[in-house]
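Trainee: Here is a sequence with its predicted model. Questions after.
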Amino acid sequence: MRKRVEIFVIEEPDIADARAGAPVERHASIAWRTRFRYPDAPHDAEALAIDADAGQALIVTKRTYPPKLWSVPLRSDDEAVATERGALRLPESTDPEPPPDLRVRPRQPTGLTLNRAGTQAAVLTYRAVWLYTRAPGQSWSQALATEPQVLPIAGLPQAEAIGFDASGAHLYVSGERWPAPLIRYDKIP
């Protein structure tokens with residue numbers, strides 16, 4: 001774990017002419033970077049989502065129990081200090097908690113995504129997706145402290161990628177091992 005972390009924001013390349021079917025090489029440029037550190041100690045975190053309306057990056061820690069939500073400004077000229085926003089409420093589980101020395105734990109967050117409407121957050125773990133709903137006027141820390149809906153993922157080793165589609169009606173999950181199946185959840189409430 002690093003004492004300081006950087007988030008690189010990449011300009012999305014224009015892919016309009018790539019849809020014709022011919023391979024097209026694209027280069028992405030760094031729009032800006034945000035440097036930050038945690039105020040207490042380094043944390044292992046893979047789950048990151050952008051709340052563009054609030055101008056912040058949301059980060060969920062992987063190896064703390066329960067996982068914690070942190071935020072950093074999306075843009076900062078100086079090194080920012082992450083702000084702890086609170087612990088996530090974990091869904092009820094009948095699974096025994098594995099021993100603390102186990103390197104990979106089934107309930108460790110590996111991904112985070114927000115829907116475009118700002119009403120849902122989905123946290124990916126190795127075994128399930130936790131879907132949190134945000135009520136009007138509620139902060140993300142308040143929403144992530146409520147009981148999530150659990151969407152199981154079976155047969156997906158090393159689940160590490162998650163994202164809503166533009167409509168927010170579908171949620172996609174994949175893994176980092178090849179071949180990486182793509183799972184789609186339809187009609188997300």
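Mentor: The structure has been received and is ready for your questions.

Trainee: Going by C-alpha atoms from here, please, whenever you check contacts or count neighbours.
Mentor: Noted.

Trainee: bridging residues for the residue most central in space within the chain?
Mentor: Centroid-nearest residue in the chain: L112, 1.6 Å away (criterion: C-alpha atoms, centre = their mean). Taking DSSP bridges as the rule, L112 bridges to V123.

Trainee: Next up, the contacts around it.
Mentor: Residues near L112 by C-alpha atoms under 8 Å, 6 or more residues apart in numbering: A47, L48, A49, I59, V60, A121, A122, V123, L124, I162, G163.

Trainee: Can you tell me which of those is nearest T133?
Mentor: Ranked by distance to T133 (C-alpha to C-alpha), the contacts of L112 are led by A121 at 6.6 Å.

Trainee: do you know how far the closest one is from D77?
Mentor: Noted for A121: a distance of 28 Å to D77, by C-alpha to C-alpha, to the nearest Å.

Trainee: of the two, who's got more company?
Mentor: A121 (24 against 9; other C-alpha atoms under 10 Å).

Trainee: Which parts of this structure are strands?
Mentor: Counting by DSSP state E, residue ranges of the strands within the chain are 5-10, 30-37, 45-51, 56-61, 68-73, 80-81, 83-87, 109-114, 120-125, 128-133, 149-152, 159-164, 171-175, 183-185.

Trainee: Now tabulate the ones you listed in a markdown table and tack on mean pLDDT.
Mentor: Converted to a markdown table, those look like this (pLDDT from 0 to 100):
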| stretch | mean pLDDT |
| --- | --- |
| strand 5-10 | 91 |
| strand 30-37 | 93 |
| strand 45-51 | 95 |
| strand 56-61 | 96 |
| strand 68-73 | 96 |
| strand 80-81 | 96 |
| strand 83-87 | 96 |
| strand 109-114 | 95 |
| strand 120-125 | 95 |
| strand 128-133 | 94 |
| strand 149-152 | 91 |
| strand 159-164 | 91 |
| strand 171-175 | 92 |
| strand 183-185 | 91 |
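
Trainee: So for A143, which of the ones you listed sits nearest?
Mentor: Using C-alpha to C-alpha, those put strand 128-133 closest to A143, at 6.2 Å.

Trainee: chain center to the closest one: distance?
Mentor: In terms of C-alpha atoms, centre = their mean, to the nearest Å, the centre of strand 128-133 is set 11 Å apart from its chain centre.

Trainee: Check what contacts that strand and list those residues.
Mentor: Applying C-alpha under 8 Å, 6+ apart, the contact partners of strand 128-133 are 91, 107, 119-124, 143-144, 146-153.

Trainee: returning to that earlier point: just send the strands of the chain back as TSV, with distance to S139 too.
Mentor: Output for the strands of the chain, formatted as TSV (distance: least, C-alpha to C-alpha, whole Å):
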stretch	distance to S139
strand 5-10	22
strand 30-37	22
strand 45-51	11
strand 56-61	12
strand 68-73	12
strand 80-81	19
strand 83-87	10
strand 109-114	13
strand 120-125	11
strand 128-133	11
strand 149-152	18
strand 159-164	19
strand 171-175	22
strand 183-185	25
